[in-house]
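Asks: coordinates only, no sequence provided:
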Ligand SMILES: Nc1ncnc2c1ncn2[C@@H]1O[C@H](COP(=O)(O)OP(=O)(O)OP(=O)(O)O)[C@@H](O)[C@H]1O
Ligand SMILES: [Mg+2]
């Protein structure tokens, strides 16, 4: 756990960037700092690895004050990823990833093997390993940045708007990959963004900050959407919070109707499409038991006949749900 106790940062010109911030960042989870420009997100993040020194208050990692040791040792256990990846332009991709292991004096073979494995892990084609950063797309550079931060296997990863300079589709991919990666590696990740949707998607917990560097709310995303603490959080969370909250609602007793004769099903039980006047209409999105209400609703909305198809783990159709049943589930 990383704990902030009454942490304040006053810059030399008198700007108070962070004001008596207190919060607890749980280990092995993703905590997102979100808030408008200038609210102190970057300052808060960088105080954790002491690339910015706080003015007062205490920051501890697993109970130990981060000022107890020297900053170089501290930073060795903390990966850091920034916007535009911050790669070394004169080093190849694989050498960028190998930067920290080299500093730590690992042997060459082990370093290279680790770097290549990490590139694969973050979804980068290993054929790109010998290229220079300028020869990569923005999204590929960000992946290298993540791989580099992971290279020394740090317990903590600090990520400052790592995905905000890439287009929405690549951004979506990078977010999915981070979540997939996190399921394997279970790091303590502190992630900064000004995008509330990104915060809600990635965060196990979300800290909403206001300008002046004070904490507006610290809560899991579902809680933030359902119960914003005040008007600031409510307006920051956005207009369609009710709809977005469906992402976190997972009905366990969804009553499915049996497969109707219009649903065409293959020999292996997989749904193929909807029969209509001798034609086969596309299936639409399918969902599984345990999926969110948002996914279930999407299935109904994308079905050409207004019936979402539920499949099992193997992809076999096991039942359908229509608008009326879904509306019943949604009713408070
Ligand atoms: N070196 C500095 N000297 C003086 N003031 C600074 C300095 N760095 C940041 N600030 C101020 O501190 C406040 C918080 O800055 P910070 O960079 O932490 O915000 P942020 O939430 O990361 O913003 P953004 O979303 O734009 O990146 C801002 O008002 C900023 O102008
Ligand atoms: Mg910032």
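Replies: Arrived safely. As the structure is a computational prediction, the values presented were derived from the model and not from experiment. Ligands and ions are numbered 1, 2, ... in the order given.

Asks: surely residue 129 and residue 95 touch.
Replies: No: contact criterion C-beta atoms under 8 Å: residue 129 and residue 95 do not qualify, at 9.0 Å. Glycine gets a C-beta too; all of them are placed from N, C-alpha and C.

Asks: and for the two, which residues touch both?
Replies: Shared contacts of residue 129 and residue 95 (C-beta atoms under 8 Å, 6 or more residues apart in numbering): residue 115.

Asks: so where's the stretch 201-332 of the chain uncertain?
Replies: In the predicted model, the stretch 201-332 of the chain carries pLDDT under 70 at residues 239.

Asks: and the residue of it closest to ligand 1?
Replies: In the stretch 201-332 of the chain, the residue that lies nearest ligand 1 is residue 213 (6.5 Å; C-beta to the nearest ligand atom).

Asks: in contact with that residue, which residues?
Replies: 8-9, 16-19, 21, 39-40, 43-44.

Asks: hmm, try it at 10 Å
Replies: Residues in contact with residue 213 (C-beta atoms under 10 Å, 6 or more residues apart in numbering) are 7-10, 15-21, 35, 38-41, 43-44.

Asks: again with residue 38
Replies: 15, 17, 194, 209, 211-213.

Asks: confirm it sits in a helix?
Replies: No: looking at residue 38 with DSSP: H, G, I helix; E, B strand; the rest coil, it is coil, so not inside a helix.

Asks: quick revisit: which ones among the contacts of residue 38 map onto helices?
Replies: The members of these all map outside helices under DSSP state H.

Asks: which residues of this protein lie near ligand 1?
Replies: Residues of the chain lying close to ligand 1 (C-beta under 6 Å from any ligand atom) are 11, 13, 15, 17, 37-43, 194.

Asks: all helices of this protein, in order?
Replies: Per DSSP H, the chain carries helices over the ranges 41-48, 71-76, 93-97, 99-103, 108-121, 138-150, 168-185, 196-202, 221-226, 231-237, 241-244, 293-302, 323-330.

Asks: where does the stretch 51-200 of the chain get nearest to ligand 1, residue-wise?
Replies: Nearest residue of the stretch 51-200 of the chain to ligand 1, counting by C-beta to the nearest ligand atom: residue 194, 4.8 Å away.

Asks: what separates stretch 286-299 from the chain centre, distance-wise?
Replies: Distance of stretch 286-299 from its chain centroid, counting by C-alpha atoms, centre = their mean, to the nearest Å, is 20 Å.

Asks: now the closest residue to residue 252 other than its chain neighbours: phi and psi?
Replies: Counting by C-beta to C-beta, 6 or more residues apart in numbering, residue 252 lies nearest to residue 290, which is 7.4 Å off, once chain neighbours are set aside. The phi/psi pair for residue 290 (degrees, to the nearest 10) reads phi 90, psi -10.

Asks: residues in contact with residue 290?
Replies: Counting by C-beta under 10 Å, 6+ apart, residue 290 makes contact with 250-252, 254.

Asks: neighbour-wise, which one of these leads?
Replies: When neighbours are counted by other C-beta atoms under 10 Å, residue 254 leads these with 18 neighbours.

Asks: wait, that one sits on residue 293?
Replies: Yes: taking C-beta atoms under 10 Å as the definition, residue 254 is a contact partner of residue 293 at 8.8 Å.

Asks: touching both of the two, which residues are there?
Replies: Common contacts of residue 254 and residue 293 (C-beta under 10 Å, 6+ apart): 287, 326, 329.

Asks: redo those as CSV? Include distance to residue 91 and neighbour count.
Replies: Below are the shared contacts of residue 254 and residue 293 laid out as CSV (distance: C-beta to C-beta, whole Å; neighbours: other C-beta atoms under 10 Å):
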residue, distance to residue 91, neighbour count
287, 45, 22
326, 53, 20
329, 54, 15
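
Asks: for stretch 124-141, what is the average pLDDT?
Replies: Averaging pLDDT along stretch 124-141 yields 91.

Asks: show me how the record splits the chain into domains.
Replies: Structural domains assigned to the chain are 2-248, 263-330, following automatic domain parsing.

Asks: who is the closest residue to residue 273 other than its chain neighbours paired with across the strands?
Replies: Sequence neighbours aside, residue 280 is the residue nearest to residue 273 in space, at 4.2 Å (criterion: C-beta to C-beta, 6+ apart). Beta-bridge pairing of residue 280 under DSSP bridges involves residue 275.

Asks: perfect, I'm done here.
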